[in-house]
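Q: following is a predicted model, sequence given first.
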Amino acid sequence: MGSSSGWNTEARWLEGLAESMTDKAEDVLTETAEQTRRMAKARVPVRTGRLKASIRTQKTAMLKREVIADSLMSPSESYAIFVEKGTSRMAPRPYMAPAVDAAEPDFFKRVGDLIDGS
């Protein structure tokens, strides 16, 4: 059997590896969220510019990012979902879903690279 100091060394090595992987995963998520935000801002229809200005990223938890719109507006001005999905009187003008779809392949490639150690 191995010595307890050997186990401690291995445990510290594993902890360091886990921390390093978490940091790298955080970077991938942050960069992907920023990429998605930029693409959504490029696609969003502009009338007054308020919706475009409201699109931003937010870290909501460890290993969790969101790209959001409207949260800076008052509830009476919250219309991002109506632009994205349309209404009975307005055709949809999607900007967020296409941005997410466009960022997805790069995200999965980068996660694969992270797992492979590239």
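A: Received it, and whenever you're ready, just let me know what you need. Numbering: from 1, shown residues only.

Q: burial of Arg50, as a residue count?
A: 15 (other Cβ atoms under 10 Å). To be clear about C-beta, it is placed using only N, CA and C from the backbone, and glycine gets the same treatment.

Q: pLDDT weak spots in this structure?
A: 1-6, 71-73, 76-77, 118 (pLDDT under 70).

Q: quick one: the strands in it?
A: 56-61, 64-68 (DSSP state E).

Q: let me know the angle separating the first one from strand 64-68.
A: In other words, strand 56-61. 150 degrees (axes from the mean of the first three to the mean of the last three Cα atoms, to 10 degrees).

Q: show me what strand 56-61 pairs with in its sheet, parallel or antiparallel.
A: As defined by DSSP bridges, the strand partners of strand 56-61 come to strand 64-68 (antiparallel).

Q: export only the CA atoms of the partner strand, formatted as CSV.
A: Provided in CSV are the C-alpha atoms of strand 64-68 (Å, rounded to 0.1, in the frame of the first residue of the first chain):
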residue,chain,number,x,y,z
LYS,A,64,-23.2,29.4,-15.8
ARG,A,65,-23.6,32.4,-18.1
GLU,A,66,-26.6,34.1,-19.6
VAL,A,67,-27.1,36.4,-22.5
ILE,A,68,-30.1,38.6,-21.7
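
Q: quick one: buried residues of that strand?
A: Using 16 or more other Cβ atoms under 10 Å as the test for burial, strand 64-68 gives 65, 67-68.

Q: going by distance to Asp113, which of those wins?
A: Using Cβ to Cβ, Arg65 is the member of the buried residues of strand 64-68 that lies nearest Asp113, at 18.3 Å.

Q: count the neighbours of the nearest residue to the closest one once chain neighbours are set aside for me.
A: Spatial nearest neighbour of Arg65, excluding adjacent residues (Cβ to Cβ, 6 or more residues apart in numbering): Ala33 at 3.9 Å. When neighbours are defined as other Cβ under 10 Å, Ala33 has 21 of them.

Q: since that was my last question, I'll sign off now.
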